[in-house]
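Undergrad: Just need the structure, nothing else, for what follows:
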Amino acid sequence: SLDENVFAGYGMVNLDFGFVAVTGGLRVERTELGITGYLLEGQTVTPSSAHRSYTDWLPSLVVRVTPSDNTIFRVAYSRSVGRPQYSDLSPGGEVSSEGDGELNVSTGNPALKPYVADALDMTAEWYFAPGGILSLGAFAKFIRNPIFSQSYTINGGSFGGVGYDRINFSQTQNAENGDIIGLEASYQQQFTFLPGLLSGFGANLNLTLIDASLRLPDGGSIGFPEQSKLLWGAQLFYQKGPVEASIAYHHTGRALIAAGDTRLTDNFNDDLRRLDAKIGVDLTRNFRVFVEAQNLTDEPTRQYQGGVRDWVSQNERYGRTFYLGASVKL
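TA: Numbering: from 1, shown residues only. Take a look at the predicted model:
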């Protein structure tokens, strides 16, 4: 049983100095949390409870500079708070048998702290043509108490008074701090300079490069969980008259899922590539039909262990997905 109450208030101001605009704000949040549940200690299930309250001051500042009609520069700072998932706060857990002599144990952590992130963002946008934009950006996030999953293995141990050859434990924990720093670029243009029906074609390209790390309570460092170093995508679209269509390819680079007790037991998601397509046609002003296809290449979802891509721990295929529908505007 979990009871969480959040009380909040904020103030904001907008200042306009012509080609410079400033937006500042401050949000205050008071969180009161109560948790009750059960914990397995030895062979006994015992009641467990935790109570916590904390206050967060969350300032933000955005400065926008527009030196010309087609260029915009933005600099922003903000602080945010991220509370743990309710399921991760439960003192209980899940126990499953992996076979003779092997057990999997996953438990919650009522002592989890919320993470607090200070974010800096800088972007430059150039609207170089009708329907065209080129943007460049840099960002950095500095996170205190980031939340991650820790896994470790005990050989020849016991759980609940029963001995096992191998016990695999997993629990969500707080790290000391983490950094996420990156660069991003995007380009979009509709080819309005082409003749006739061809003027409806356009392209969208985006690229993000990220360097992220997490510092553990024991002083070690790992990659930031579920954070890829490389993301990019390419899209060809068409918008003309009653027709709107696109085909898009997205690449998400490999990323750490959960940290093990040694580097050889770290778990990773492999690269994921997706090819999607959709088309919609307005048959009348208020009635549209559309077809959408996802994962056209039937890309598998792969996980591997220890940073070695050949040590595959999971390989799943979900097939292709197709949607056919209609929408009515009243």
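
Undergrad: any idea where the helices of this protein begin and end?
TA: With DSSP state H, the ranges of helices along the chain come out as 86-89.

Undergrad: max-length strand in it?
TA: strand 44-68 (DSSP state E).

Undergrad: can you pull the pLDDT of Leu236?
TA: Leu236 carries a pLDDT value of 97.

Undergrad: List the buried residues of the longest strand of the chain.
TA: Within strand 44-68, the residues scored as buried using 16 or more other C-beta atoms under 10 Å are Ser48, Ala50, Arg52, Asp56, Leu58, Ser60, Val62, Val63, Arg64. C-betas here are computed from N, CA, C, even on glycine.

Undergrad: In TSV, list those residues along with pLDDT and distance to Ser228.
TA: Converted to TSV, the buried residues of strand 44-68 look like this (pLDDT from 0 to 100; distance: C-beta to C-beta, whole Å):
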residue	pLDDT	distance to Ser228
Ser48	84	36
Ala50	85	34
Arg52	89	33
Asp56	95	28
Leu58	97	27
Ser60	97	27
Val62	98	27
Val63	98	30
Arg64	97	29
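
Undergrad: need those residues in TSV with distance to Ile257, can you?
TA: Below are the buried residues of strand 44-68 laid out as TSV (distance: C-beta to C-beta, whole Å):
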residue	distance to Ile257
Ser48	27
Ala50	27
Arg52	28
Asp56	28
Leu58	29
Ser60	31
Val62	34
Val63	37
Arg64	38
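
Undergrad: and which of these is nearest to Pro225?
TA: Asp56 (22.7 Å; C-beta to C-beta).

Undergrad: Does the closest one touch Gly9 like I think?
TA: No - using C-beta atoms under 8 Å, Asp56 makes no contact with Gly9, being 11.9 Å away.

Undergrad: list the residues that contact both of these two?
TA: Val28 (C-beta atoms under 8 Å, 6 or more residues apart in numbering).

Undergrad: Strands along the stretch 151-300 of the chain, start to end?
TA: 162-174, 177-190, 201-215, 221-223, 230-240, 243-252, 255-258, 267-269, 272-282, 287-294 (DSSP state E, counting those that start in this stretch).

Undergrad: What residues of stretch 10-23 count as buried?
TA: Going by 16+ other C-beta under 10 Å, stretch 10-23 has no buried residues at all.

Undergrad: so what's Gly182 up against?
TA: Residues in contact with Gly182 (C-beta under 8 Å, 6+ apart) are Ala138, Phe139, Ala140, Thr208, Leu209, Ile210, Asp211, Ala212.

Undergrad: Top of these by number of neighbours, please.
TA: Taking other C-beta atoms under 10 Å as the neighbour criterion, Ala212 ranks highest of those with 21 neighbours.

Undergrad: what's near enough to touch it?
TA: Ala212 makes contact with Gly178, Asp179, Ile180, Ile181, Gly182, Gly223, Phe224, Gln227, Lys229, according to C-beta under 8 Å, 6+ apart.

Undergrad: now do Thr192
TA: Contact analysis of Thr192 by C-beta under 8 Å, 6+ apart lists Ala129, Pro130, Gly131, Ser199.

Undergrad: Which pair of these spans the longest distance?
TA: Longest span within the contacts of Thr192, C-beta to C-beta: Ala129 and Ser199, 12.2 Å.

Undergrad: helices and strands around the longest strand of the chain, which ones?
TA: For strand 44-68, the elements it packs on are strand 20-41, strand 71-82, judged by 3 or more C-beta pairs under 8 Å, 6 or more residues apart in numbering; DSSP states H and E.

Undergrad: quick one, what contacts the nearest residue to Ser246 once chain neighbours are set aside?
TA: Spatial nearest neighbour of Ser246, chain neighbours left out: Phe237 (4.0 Å); criterion: C-beta to C-beta, 6 or more residues apart in numbering. Counting by C-beta under 8 Å, 6+ apart, Phe237 makes contact with Gln190, Phe201, Gly202, Ala203, Asn204, Glu244, Ala245, Ser246, Ile247.

Undergrad: surely Ala140 meets Leu183?
TA: No - between Ala140 and Leu183 there is no contact under C-beta under 8 Å: 10.3 Å.

Undergrad: For the closest residue to Thr71 other than its chain neighbours, grab the count of nearby residues.
TA: Closest residue in space to Thr71, ignoring its immediate chain neighbours: Trp126 at 5.4 Å, by C-beta to C-beta, 6+ apart. Trp126: 15 surrounding residues under other C-beta under 10 Å.
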